[in-house]
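J.: Got a sequence here, can you model it:
(one chain, ligands or ions: 1)
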Amino acid sequence: MRISVIGCGYLGAVHAAAMAKLGHDVVGVDTDAAKVEKLASGVAPFFEPGLPELLVESIGSGRLRFSTDIRDAAGAEVHFVAVGTPQLPNSDGADLRFVRGAVDALAGVAAPGSLIVGKSTVPVGTAAELLGRLERLGSQAILAWNPEFLREGFAVADTLTPDRLVYGVADERATELLDEVYARILDTGTPRIVTDFATAELVKTAANAFLATKISFINAMAEIAEATGADVTTLADAIGHDARIGRRFLNAGIGFGGGCLPKDIRAFTARAEELGRAESVAFLRQVDAINLRRRERAVELAVELLGGPVFERRIAVLGLTFKPDSDDTRDSPALDVAARLHGLGARVRATDPEGIENARLRHPQLEYVDTAQDALEDAELVVLVTEWSEYRDLDPEHVAKLMETARVIDARNVLDPVAWREAGFVYRGLGRS
Ligand code: UDX
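T.: Take a look at the predicted model:
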C-alpha cells in the first residue's frame with residue numbers, strides 16, 4: 001500500500017520505517033528540514049536501538065523516503081498522523097495544535113476515500129472533533145484512531161510485534177484498510193480490537209494511567225518501607241508473584257518521566273475536569289505527587305549520606321535520560337535530580353551514554369563528562385539515577401578506588417547491596433532498609 005506518516009519523531013520515524021519493513025511504499029513527512037535530511041540519509045535523529053538498521057534497510061529497498069512537503073503525501077491510500085501532543089505551557093492539558101495542523105494539511109491533499117489514521121496520544125473526544133474539522137474543510141477522506149503503545153528503547157519491536165492493535169473507527173472501510181496495512185502483523189495472531197473513537201482514545205490514556213499508577217503505587221510503598229525499615233524490592237518480588245498483580249512495572253526508584261507518562265496523566269486529569277468527572281481520576285494527582293516526591297527523596301538521601309548540606313561536595317551522577325536505551329531527557333527524573341543537587345551548590349559531575357547532548361540543552365549549567373570513570377574520580381558520593389547496563393555492571397571494588405569516599409545512592413534499586421557494602425560502600429537504595 002502507499003502510506004504517508006506525518007510527523008517523524010520517536011513515534012513517526014519508527015512507524016514509517018516499520019511500515020516499509022512490512023512491504024508498504026512509505027513517505028515520512030516532517031516540517032523539520034534537518035531531521036528529514038538525516039532520516040533520508042538513513043541516520044536516526046535520536047537514539048533508538050535497531051532503528052538505524054531498519055532505516056538503512058527500508059531506504060535501500062526503495063520503499064521509504066522522507067520529505068518536508070505535505071504534497072508528497074498526496075498519493076497515499078493511508079495517512080498516519082504521528083505528531084507530538086506535548087503538555088500546554090500553562091496548563092495540564094494537551095497541546096493539540098500539531099494534530100490539528102496535520103489534519104488540516106492532510107485535508108488539502110488526501111484523496112477522497114483515503115484513510116487518515118491518528119496515532120498520536122490525544123484526549124478523548126479529539127477524533128470526533130477532527131472528523132467535524134475534515135468535513136468543514138470539504139475533505140472526503142475517512143478517519144480512524146489507532147493508538148500506539150510503543151516504548152522507547154523497544155520501539156522497533158513494539159511496532160512490528162505489538163501486544164494488540166486497537167482501531168477506533170466510524171466506518172467499516174477504515175477497518176478494511178487498517179487490516180490491509182497490518183495484514184502481516186495480524187497473520188501472526190496479534191489480537192485486534194475494533195471499537196469507536198472514544199474507546200480507542202481512552203484505551204491509550206487508560207493504559208498509560210495504569211502504568212503510572214503501578215509505578216507510583218510501589219513508590220508509595222517505598223515511602224512506607226523507609227518509615228518502617230522494610231525493603232520495597234523484596235516486597236515487590238513477593239507481591240509480584242501473584243499473577244493478578246505481576247512483577248513488571250513494580251520497580252521502585254526515582255519514578256517515571258519521559259515524553260509520555262507524566263504529560264498523559266496530566267492531560268487525562270484536565271480532560272476529566274472538562275467532562276465534569278474530575279473525581280473519577282483525582283487519584284492521578286496523587287500518582288503525580290508521589291512520583292515527584294521520589295526525586296526530592298533522592299536529594300534528601302544525598303544530604304543524609306554526606307552528613308550535611310551538599311554545598312560544594314563532589315557528587316557523581318550516573319545517568320541523565322528518563323530511562324536506559326534512550327537519549328530522551330524530557331521530564332527525566334535523573335536530570336532533575338542532577339539539577340536539584342547542582343542548585344543546592346553541589347559540584348555535580350554528570351554522565352550518560354547517550355543523553356548528554358539533550359541534557360545540555362535543558363540544563364547547560366551542569367558539568368557533563370564523557371565517562372563514568374571521569375564522573376567518579378575523587379567523588380564523595382555517587383548517585384545512580386538511570387539504570388544503563390554499564391552502570392549496573394560497575395565493579396564496586398574498582399569504583400571505590402576511584403572515589404574519595406565510598407558512598408552510593410542506588411536510586412533505581414539495581415545494584416547488589418551486599419557486593420557494594422563488601423567493597424566498603426555506604427549503600428542506600430530508595431525504599432530499602
Ligand atoms: C510509555 C508506555 O510504556 C508506552 O506503552 C507508551 O506508548 C508510551 O509511554 P515510555 O515513555 O517509552 O513508554 O517508557 P516506559 O518504559 O513506560 O517507562 C516510563 C518511566 O517509568 C521511565 O522513566 C522508567 O524509568 C519508569 N519506570 C518504569 C519505573 O520507575 N519503574 C518501573 O517499574 C517501570
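J.: quick one, strands of the stretch 301-433 of the chain?
T.: Assigned by DSSP state E, counting those that start in this stretch, the stretch 301-433 of the chain shows strands spanning 314-318, 347-351, 367-368, 381-384, 407-410, 426-429.
J.: Kindly reformat those strands as JSON lines containing distance to residue 390, mean pLDDT and mean neighbour count.
T.: Just so you know, the C-beta spots here come from the backbone N, C-alpha and C atoms, and that holds for glycine as well. Output for the strands of the stretch 301-433 of the chain, formatted as JSON lines (distance: least, Cβ to Cβ, whole Å; pLDDT from 0 to 100; neighbours: other Cβ atoms under 10 Å):
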{"stretch": "strand 314-318", "distance to residue 390": "9", "mean pLDDT": "98", "mean neighbour count": "27"}
{"stretch": "strand 347-351", "distance to residue 390": "10", "mean pLDDT": "98", "mean neighbour count": "24"}
{"stretch": "strand 367-368", "distance to residue 390": "16", "mean pLDDT": "98", "mean neighbour count": "18"}
{"stretch": "strand 381-384", "distance to residue 390": "11", "mean pLDDT": "98", "mean neighbour count": "27"}
{"stretch": "strand 407-410", "distance to residue 390": "15", "mean pLDDT": "98", "mean neighbour count": "26"}
{"stretch": "strand 426-429", "distance to residue 390": "19", "mean pLDDT": "98", "mean neighbour count": "21"}
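J.: Now render those as JSON lines, adding distance to residue 282.
T.: Putting the strands of the stretch 301-433 of the chain into JSON lines (distance: least, Cβ to Cβ, whole Å) gives the following:
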{"stretch": "strand 314-318", "distance to residue 282": "34"}
{"stretch": "strand 347-351", "distance to residue 282": "36"}
{"stretch": "strand 367-368", "distance to residue 282": "40"}
{"stretch": "strand 381-384", "distance to residue 282": "33"}
{"stretch": "strand 407-410", "distance to residue 282": "32"}
{"stretch": "strand 426-429", "distance to residue 282": "31"}
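J.: Columns distance to the ligand on top of those, output as TSV?
T.: Listed next are the strands of the stretch 301-433 of the chain as TSV, based on distance: least, Cβ to the nearest ligand atom, whole Å:
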stretch	distance to the ligand
strand 314-318	14
strand 347-351	17
strand 367-368	20
strand 381-384	12
strand 407-410	13
strand 426-429	13
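J.: Tell me which residues touch residue 33, please.
T.: When contacts are counted by Cβ atoms under 8 Å, 6 or more residues apart in numbering, residue 33 touches residue 68.
J.: So what does it look like in phi/psi?
T.: Phi and psi for residue 33, reported as degrees, to the nearest 10, are phi -60, psi -40.
J.: how close does it sit to residue 55?
T.: Noted for residue 33: a distance of 17 Å to residue 55, by Cβ to Cβ, to the nearest Å.
J.: Can you classify whatever residue of the stretch 1-150 of the chain ends up closest to the ligand as helix, strand or coil?
T.: When scored by Cβ to the nearest ligand atom, the stretch 1-150 of the chain has residue 149 as its residue closest to the ligand, at 4.2 Å. Residue 149 falls in the coil class when you classify it by DSSP: H, G, I helix; E, B strand; the rest coil.
J.: What residues sit buried inside stretch 98-105?
T.: 98, 99, 101, 102, 103, 105 (16 or more other Cβ atoms under 10 Å).
J.: for the first one, phi and psi?
T.: Read it as residue 98. Taking degrees, to the nearest 10 as the convention, residue 98 sits at phi -70, psi -40.
J.: what does residue 324 give?
T.: phi -70, psi 170.
J.: what do you get for residue 424?
T.: Backbone torsions of residue 424, given as degrees, to the nearest 10, read phi 100, psi 10.
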